[in-house]
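Trainee: give me the fold of what follows.
(one chain, ligands or ions: 1)
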Amino acid sequence: MRIFINPGHAPDPKDDPGAVNHKLGLKESVVARRIGERVATYLANVGYEVSVFQFDGLQRICDEANGWGADLFVSIHCNAFDGVARGTETFYARYSRAGRRLAEYINDRIVKTVKSNYDGWDRGTKEAGYYVLMNTDMPAVLVETAFIDNISDAKILIEQEDAFARAIACGITDWHKLYLP
Ligand SMILES: [Zn+2]
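Mentor: Numbers count the residues shown, from 1 in each chain. Predicted coordinates for the structure are as follows:
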């Protein structure tokens, strides 16, 4: 099974950092890349074919995933809103049952694996019309790991990078074992 991992945005020198926590000097593009590479390592270690691709053009990302014949597409991001909002949420394409199940498995694993002191940490799964979800040919999800512009969430992203990665990898293997007959 081929799994396409897309860390959101693009690090230097592309200069598409995504959301930035200026206080901590923390860029979404860098956090997403680090988590994505760890996910890839976990999945490769148990025998999956994995591709990690980070780029600042959305159509190109879809073309790479479709052209490679990926079976699953997972985009990894950090959320940002008003500096107060916290938690994790996972999006899937409208009308995609397989995508919804993948989002549920990944989101469940994250809220169980990543330690948070915040009651509303689980923001759940939601459908969305994001470009990469609508223009990829395989079940696709977009994970919003945590809010990088909130200091507590940003610290969780730094300190529990590996927990996010393990959770996402386990969510993918859950889907493979439990959803795919
Ligand atoms: Zn993003």
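Trainee: interface residues of the chain facing the ion?
Mentor: Residues of the chain found near the ion (CB under 5 Å from the ion) are G8, G18, H77. Where C-beta positions appear, they are placed from N, C-alpha and C, glycine not excepted.
Trainee: can you get me a residue count around the second one?
Mentor: Counted with other CB atoms under 10 Å, the burial measure for G18 works out to 21 neighbours.
Trainee: neighbours of D108, how many?
Mentor: Neighbours of D108 (other CB under 10 Å): 18.
Trainee: taking the chain, what residue is nearest to the ion?
Mentor: Using CB to the ion, the single residue of the chain nearest to the ion is H77, 3.5 Å away.
Trainee: name the nearest residue to that residue, sequence neighbours excluded.
Mentor: G8 (4.0 Å; CB to CB, 6 or more residues apart in numbering).
Trainee: tell me the contacts of the one you found?
Mentor: Contacts here follow CB atoms under 8 Å, 6 or more residues apart in numbering; on that basis G8 touches G18, E28, S29, A32, Q54, S75, I76, H77, C78.
Trainee: one more: C170?
Mentor: R109, T113.
Trainee: just say helix, strand or coil for it.
Mentor: In terms of secondary structure, C170 is helix; the call rests on DSSP: H, G, I helix; E, B strand; the rest coil.
Trainee: kindly state the pLDDT recorded for it?
Mentor: Per-residue pLDDT puts C170 at 98.
Trainee: over to Y95?
Mentor: 89.
Trainee: got phi/psi on it?
Mentor: Dihedral angles of Y95 (phi, psi; degrees, to the nearest 10) stand at phi 70, psi 0.
Trainee: residue contacts, it?
Mentor: No contacts exist for Y95 under CB under 8 Å, 6+ apart.
Trainee: tell me the spacing between it and E127.
Mentor: Distance of Y95 to E127, computed by CB to CB, to the nearest Å: 8 Å.
Trainee: which stretches in the chain count as helices?
Mentor: Using DSSP state H, the helices found in the chain span residues 28-45, 58-68, 97-113, 131-134, 151-159, 161-174.
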